[in-house]
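1. got a predicted structure plus its sequence, pasted below:
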Amino acid sequence: MKPFTKLMGRVLPLDKANVDTDQIIPKQFLKSIRRTGFGDNLFDAWRYLDEGDPAKTPNERRINPDFVLNSPRYQGASILLARENFGCGSSREHAVWALEEYGLRVVLAPSFADIFFSNCFKNGVLPIVLEEGVIDELFRLAAGEGVELMVDLAAQVIRMPTGRTLAFEVDSFRKRCLLEGLDDIGVTLTDADAIREFEQAHRRRAPWLFGQPA
Amino acid sequence: MAGRTLYDKLWDAHLVKQRDDGTALIYIDRHLLHEVTSPQAFEGLRLAGRRPWRVDANIATPDHNVPTVQRSQGLAGITDPIAKIQVETLDDNCREFGILEFAILDPRQGIVHVVGPEQGATLPGMTVVCGDSHTSTHGAFAALAHGIGTSEVEHVLATQCLIQRKARNMRIVADGQLPAGVTAKDLALAIIGRIGTAGGTGYTLEFSGDAVRALSMEGRMTLCNMAIEAGARAGMVAFDEVTLEYVRGRPFAPKGELFEQAALAWRDLVSDADAVFDAEVHIDASALEPQVTWGTSPEMVVGVSGVVPELEAAQSKGQRQGWESAMRYMGLEPGMRITDIGVDRVFIGSCTNSRIEDLRAAADVVRGRKVADSVLQAMVVPGSGPVKQQAEAEGLHEVFLAAGFEWRDPGCSMCLAMNADRLGAGEHCASTSNRNFEGRQGHGGRTHLVSPQMAAAAAVAGHFTDVRALIAAGAGGAA
């Protein structure tokens, strides 16, 4: 996994609550058997005026000029600013792959859906929960002059252009995986003996869980 | 010490290791796979030179991309070449790693969340995961079941474990009994309407109360299926005789002496009387009427006698914006009566409502009636091969066909429109599925979530209508 340590980037404000993963990456793009190739279809139904089709390249599409992602002032943004319950709905990790490939490595929101939140950490994307009031303030800044933030994972702070800092919480295991770009399967397998031991005892306790059809 | 909740018990029974950093290693008993979220996980295994930890814990079936017509053609019937590759890739991966697959022509193929319970591959007391958010369905069996992302699919394949943090406990108590014509689906929608689509975030839900105890396993699966739409990864219902009788005799279920031994252990799969929940919600089931969603989130729901809300009723600026945006997308005005919303297509199916009981209930409404002329298409997509077979043995397909419904082959179909079954832009659909998100059933499509009975009633009337009037009129009677 690509490590995440520090990032200085522009904020892209997406002022909408309950953004579901069907919006982040619509189903017609889930047929791929690869982990890449989703960035051009991030927020597809909002970003383009015509219906998305995996066979079409972005050049063949009609851009929706009213969607914030297409606004010239937010090009190159790497921090997505969102509203509550971001990433709800389907468990599709493709949603995170699309965000990451587009270049968005941080998502700021007052709350996230659980599965999306956990998928982010597996792909070098840092989701950060901030208080509603702080999120409101960032929306005002991003929609006005625009704003660039410095996100420092090791220190768990976000630095505003004014020098003000915002502290944030992050699970210590997930933090370590992100900072070091760790393969968490490798980490789990260091406990292979404990898993094997548990499995044997579990099988003795509840042999029916290990059954196969007659 | 306070007693433990059902979730506490399931967690404790699968705890391999509690780590110092607050995470826990949880053992997974059953892993279900389908074609959409697994290819990258298998590829990851290959790249790292890893093998599945316990092959026989895994069962796969293609469901999202399979066509629901001309199934006898098998893979050749998949017209979309990219979708076909995905289904073939599942076949190849299962072959390579030795995983049991109910492939496209297998009579047991179906929607993964219908197939697991039906085969007895989902058992009480299990941990069940799948790369699909509706895995919460399996919690109906007093199991800990939830959806995972593709990286976690790979993690479970490689280690038989997940790295987890324990969620909080929420009990949802449905008091009283659901009135006739009001179903588990209506209860699920009413709960989501009450607590919101983020109300269960960070919690595991336990559904309890008299109305839940009275539900069949099919109904409990419908209820737990929708836990994720309330934001909870997992929902569950305590074990009882209904659970036991459903499981008995299923292909993967224990037999004979082992079954008796299991049944004894399963009796403990209930929350202790003195268990403490972090949150508790009561809902009066006896006061519910059939529910219909009007917006683009499952929480935007009202009873069938209700109206699209007035914007003034919104409780925050954010909610008002959400409602405005949803009404624009849905082509609806505040104050419009639900029964004045016309229906262009009807979809009866999905992991929420495609089981035999759902089809029987819909058929009872349809019997002796016709799909309204204004309805472009009404389709029934059984959840699995065995469901289809059972329905045909009972003659349900004839009821549907005679009324003008299409009778399809099993798969996810128009719930998410990955295959050819989808809505046109602007079309309204009465759907028994679980998500009314923008574009979910087709670009520009407008989904209204309802029970199978309500979908059947909408098909007959051409607009939403209270199914209880049709039921009262008897087969073929005018409402």
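-> Now that the structure is in, tell me what you want to look at. Residues are numbered from 1 along each chain as shown, chains lettered A, B, ... in the order given.
2. burial count for B:S271?
-> 22 (other CB atoms under 10 Å in any protein chain shown). Yep, even glycine has a C-beta here, placed from its N, CA and C like the rest.
3. so which bits of the stretch 251-400 of chain B are right by chain A?
-> Contact residues, the stretch 251-400 of chain B versus chain A (CB under 8 Å from any CB of the partner chain): B:251-255, B:258-259, B:261-262, B:265, B:297, B:318-319, B:321-322, B:325.
4. sort those by pLDDT and name the bottom one.
-> Lowest pLDDT among those: B:G318, with 90.
5. and the longest helix for chain B?
-> Ranked by residue count, the top helix of chain B under DSSP state H comes out as helix B:81-97.
6. show me what that helix is packed against.
-> If contacts are counted by 3 or more CB pairs under 8 Å, 6 or more residues apart in numbering or on different chains; DSSP states H and E, helix B:81-97 sits against helix B:39-48, strand B:100-101.
7. tell me which of the ones you listed lies nearest to A:S111.
-> helix B:39-48 (27.3 Å; CB to CB).
8. can you list contacts of the closest one?
-> With contact meaning CB atoms under 8 Å, 6 or more residues apart in numbering or on different chains, helix B:39-48 is reached by A:33-35, A:93, A:183, A:185, B:51-52, B:86, B:89-90, B:93, B:96-97, B:131, B:150-151, B:153-154, B:157-158.
9. which residues are contacting the longest helix of chain B?
-> A:31-33, A:54, B:33-36, B:38-39, B:42, B:45, B:51-52, B:55, B:60, B:62, B:65-66, B:75, B:78, B:99-101, B:103-104, B:157, B:418-419.
10. ok, back up a step: switch the helices and strands packed on helix B:81-97 over to JSON lines; also include distance to A:E60.
-> Shown next, in JSON lines, are the helices and strands packed on helix B:81-97 (distance: least, CB to CB, whole Å):
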{"stretch": "helix B:39-48", "distance to A:E60": "26"}
{"stretch": "strand B:100-101", "distance to A:E60": "37"}
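11. tabulate these in a markdown table, adding columns for mean pLDDT, mean neighbour count and distance to B:I341.
-> Shown next, in a markdown table, are those (pLDDT from 0 to 100; neighbours: other CB atoms under 10 Å in any protein chain shown; distance: least, CB to CB, whole Å):
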| stretch | mean pLDDT | mean neighbour count | distance to B:I341 |
| --- | --- | --- | --- |
| helix B:39-48 | 97 | 18 | 39 |
| strand B:100-101 | 98 | 18 | 41 |
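12. to B:L311, which of those lies closest?
-> Across those, B:L311 has its closest neighbour in helix B:39-48 (42.8 Å, CB to CB).
13. quick one: the closest one to chain centroid distance?
-> With CA atoms, centre = their mean, to the nearest Å as the basis, helix B:39-48 stands 28 Å off its chain's centre.
14. helix or strand right after it?
-> Per DSSP states H and E, the first helix or strand lying C-terminal to helix B:39-48 is strand B:58-60.
15. pull the residues that contact that following strand.
-> Contacts of strand B:58-60 (CB under 8 Å, 6+ apart): B:30-34, B:38, B:52, B:90, B:94, B:99-102, B:115-116, B:119, B:121, B:157.
16. neighbouring contacts of the lengthiest strand in chain A?
-> In chain A, taking DSSP state E as the definition, the longest strand is strand A:6-13. Residues from elsewhere that reach strand A:6-13, judged by CB under 8 Å, 6+ apart: A:68-69, A:74, A:76-81, A:104-106, A:108, A:126, A:138-139, A:141-143, A:146-154.
17. quick one: buried residues of that strand?
-> Of all the residues in strand A:6-13, those buried under the rule 16 or more other CB atoms under 10 Å in any protein chain shown are A:7, A:9-13.
18. partners of it in the sheet?
-> Within its sheet, strand A:6-13 is paired with strand A:79-81 (parallel), strand A:148-152 (antiparallel), according to DSSP bridges.
19. next, count neighbours for residue 109.
-> Just so you know, I chose chain A. Neighbours of A:A109 using other CB under 10 Å come to 24.
20. not quite, I wanted chain B
-> B:Q109: 23 neighbours (other CB under 10 Å).
21. any idea how many residues pack against the closest residue to it other than its chain neighbours?
-> Leaving aside its sequence neighbours, B:Q109 sits nearest to B:F102 (CB to CB, 6 or more residues apart in numbering or on different chains; 4.6 Å). Number of residues near B:F102 (other CB under 10 Å) recorded here: 21.
22. and the gap between B:F102 and chain A?
-> Distance, B:F102 to chain A, using CB to the nearest CB, to the nearest Å: 11 Å.
23. show me what contacts that residue?
-> B:59-61, B:108-110, B:115.
24. closest to B:V304 among these?
-> Of all the contacts of B:F102, B:V304 sits closest to B:G110, with 30.1 Å by CB to CB.
25. pLDDT score for the closest residue in space to the closest one that isn't next to it in sequence?
-> Leaving aside its sequence neighbours, B:G110 sits nearest to B:S384 (CB to CB, 6+ apart; 2.5 Å). pLDDT for B:S384: 98.
26. what number of residues lie near B:S384?
-> B:S384: 29 neighbours (other CB under 10 Å).
27. thought it was touching B:I111?
-> Yes - between B:S384 and B:I111 there is a contact under CB atoms under 8 Å: 6.5 Å.
28. what's the longest helix in chain A?
-> Max-length helix for chain A by DSSP H is helix A:192-205.
29. may I see the buried residues of that one?
-> Buried-residue list, helix A:192-205, by 16+ other CB under 10 Å: A:195, A:198-199, A:202.
30. tell me how far that helix is from the chain's mean position?
-> Worked out by CA atoms, centre = their mean, helix A:192-205 lies 34 Å from the chain centre.
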